[in-house]
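Peer 1: Show me how the following folds:
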Amino acid sequence: MRANWVTTFEALNTVSVLAGIGYRLDTPGAVEALQARKKKTTANEVTLYAGRALTNSHASDHSPSGAIEYRRRLLQNLDWSMAWLYEGNNRLISRHGLVSQLWAVEDFLDNRITVSIGAGAYFALDRMAGRYQNGDHVISAISTLTAGYRFNPHWSLRISWNRVVTNYDRDTDVILGGIGYRF
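Peer 2: Predicted structure coming up:
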């Protein structure tokens, strides 16, 4: 259970309470076995994604999107990735570029399920950005929640929710699903 109380100097104060229930995916006594299994996991993954980009505006403009990502396990709970992200083309953005992120990772159920949160930089080319700032080249922040399911030793399915934060009022949510190959 969690409670938050926010007091402002203006007229709006808020109180919120959140309650939840959880389920432990790995048994408490399996720590040694889990560490032994993690040493046997593959260190590299290439994933091809398809999905939709939603530009955060009153009209919620959307467009097809896609990505290709290379992910590398650096430590037991740390990944690094490099990706090419295409956010599509709508009336507000026409953006694509290179993404680099660091990930906090946790594996469950004999390394079949992976849950990660990542943050990094997005070096993009946005043909529409010239209207809002000086030039087409944009460096933005990106954060991502992702989950993967390994259905055999090399192949996996992955879903990701990316949040691109710009400095020119063209933030997007990019929802992607894809298939990956681990080696």
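Peer 1: Can you show me the CA trace of the host helix or strand of residue 173 as PDB?
Peer 2: In this structure, residue 173 sits in strand 172-182 according to DSSP states H and E. The C-alpha coordinates for strand 172-182 follow below in PDB (Å, rounded to 0.1, in the frame of the first residue of the first chain):
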ATOM      1  CA  THR A 172       5.500  10.600 -28.500                       C
ATOM      2  CA  ASP A 173       4.600   7.200 -27.100                       C
ATOM      3  CA  VAL A 174       5.800   4.400 -29.400                       C
ATOM      4  CA  ILE A 175       4.200   1.000 -28.800                       C
ATOM      5  CA  LEU A 176       6.100  -1.900 -30.400                       C
ATOM      6  CA  GLY A 177       5.900  -5.600 -30.600                       C
ATOM      7  CA  GLY A 178       8.500  -7.800 -32.200                       C
ATOM      8  CA  ILE A 179      10.400 -11.000 -32.600                       C
ATOM      9  CA  GLY A 180      14.000 -11.400 -31.500                       C
ATOM     10  CA  TYR A 181      16.900 -13.800 -32.000                       C
ATOM     11  CA  ARG A 182      19.300 -14.400 -29.100                       C
END
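Peer 1: What residues sit buried inside it?
Peer 2: 172, 174, 176, 178, 180, 182 (16 or more other CB atoms under 10 Å). Every residue, glycine included, has its C-beta placed from N, CA and C.
Peer 1: Let's have those residues in TSV, adding pLDDT.
Peer 2: Output for these, formatted as TSV (pLDDT from 0 to 100):
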residue	pLDDT
172	94
174	97
176	98
178	98
180	98
182	94
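Peer 1: Perfect, I'm done here.
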